[in-house]
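Visitor: From the sequence below, what's the structure:
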Amino acid sequence: MTYHLRCPQLPLAIYREVAAHLSLVTGVKTELIAQQSTHFDYSLSQVDSLRIDYPEDLNSAAQRQIEQILAYYSDRYGAWETIQP
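Guide: Next up, the predicted model:
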């Protein structure tokens, strides 16, 4: 399964932190997608989105761990938006 998530005001360092935490979950792979905007806006993150890949048969404990990690950052930095790549 593949998900693309975005939190527009999330700084690059925090995106990297989220990706690192998610990558600790067995079977999960992450990739940071660079900002595609041609217009510079200082308030935009350098990252457009976070891609999360994991197998469809991922166990429920690992799925809960992913949800908990995303919820932790959502509570601190704002809601995640699911986007189409």
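
Visitor: What residues of stretch 4-23 count as buried?
Guide: The neighbour-count check on stretch 4-23 (16 or more other CB atoms under 10 Å) flags His4, Leu5, Arg6, Cys7, Leu10, Ile14, Tyr15, Val18, Ala19, His21, Leu22 as buried. C-betas here are computed from N, CA, C, even on glycine.

Visitor: any idea which of those residues is closest to Leu50?
Guide: Nearest to Leu50, judged by CB to CB, of the buried residues of stretch 4-23 is Leu5 at 5.0 Å.

Visitor: List the contacts of the closest one.
Guide: Contact partners of Leu5, counting by CB atoms under 8 Å, 6 or more residues apart in numbering, are Ser49, Leu50, Ile52, Leu70, Trp80, Glu81, Thr82, Ile83.

Visitor: Which helix or which strand is home to the nearest residue to the second one once chain neighbours are set aside?
Guide: This means Leu50. Among residues not flanking Leu50 along the chain, Leu5 sits closest, at 5.0 Å (CB to CB, 6 or more residues apart in numbering). Element membership of Leu5, judged by DSSP states H and E, is strand 2-6.

Visitor: And Ala61, by the same measure?
Guide: Assigned by DSSP H and E, Ala61 falls in helix 60-77.

Visitor: Restricting to C-alpha, output that helix in PDB.
Guide: What follows is helix 60-77, C-alpha atoms only, in PDB (Å, rounded to 0.1, in the frame of the first residue of the first chain):
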ATOM      1  CA  SER A  60      -2.100  -4.900  13.100                       C
ATOM      2  CA  ALA A  61       0.500  -3.900  15.700                       C
ATOM      3  CA  ALA A  62       2.700  -2.300  13.000                       C
ATOM      4  CA  GLN A  63      -0.400  -0.500  11.500                       C
ATOM      5  CA  ARG A  64      -1.200   0.900  15.000                       C
ATOM      6  CA  GLN A  65       2.400   2.000  15.400                       C
ATOM      7  CA  ILE A  66       2.200   3.900  12.100                       C
ATOM      8  CA  GLU A  67      -1.100   5.600  13.200                       C
ATOM      9  CA  GLN A  68       0.400   6.500  16.500                       C
ATOM     10  CA  ILE A  69       3.500   8.100  14.900                       C
ATOM     11  CA  LEU A  70       1.400  10.100  12.500                       C
ATOM     12  CA  ALA A  71      -1.000  11.200  15.300                       C
ATOM     13  CA  TYR A  72       1.900  12.300  17.500                       C
ATOM     14  CA  TYR A  73       3.100  14.700  14.800                       C
ATOM     15  CA  SER A  74      -0.400  15.700  13.800                       C
ATOM     16  CA  ASP A  75      -1.100  16.800  17.300                       C
ATOM     17  CA  ARG A  76       2.000  19.100  17.300                       C
ATOM     18  CA  TYR A  77       2.100  20.400  13.800                       C
END
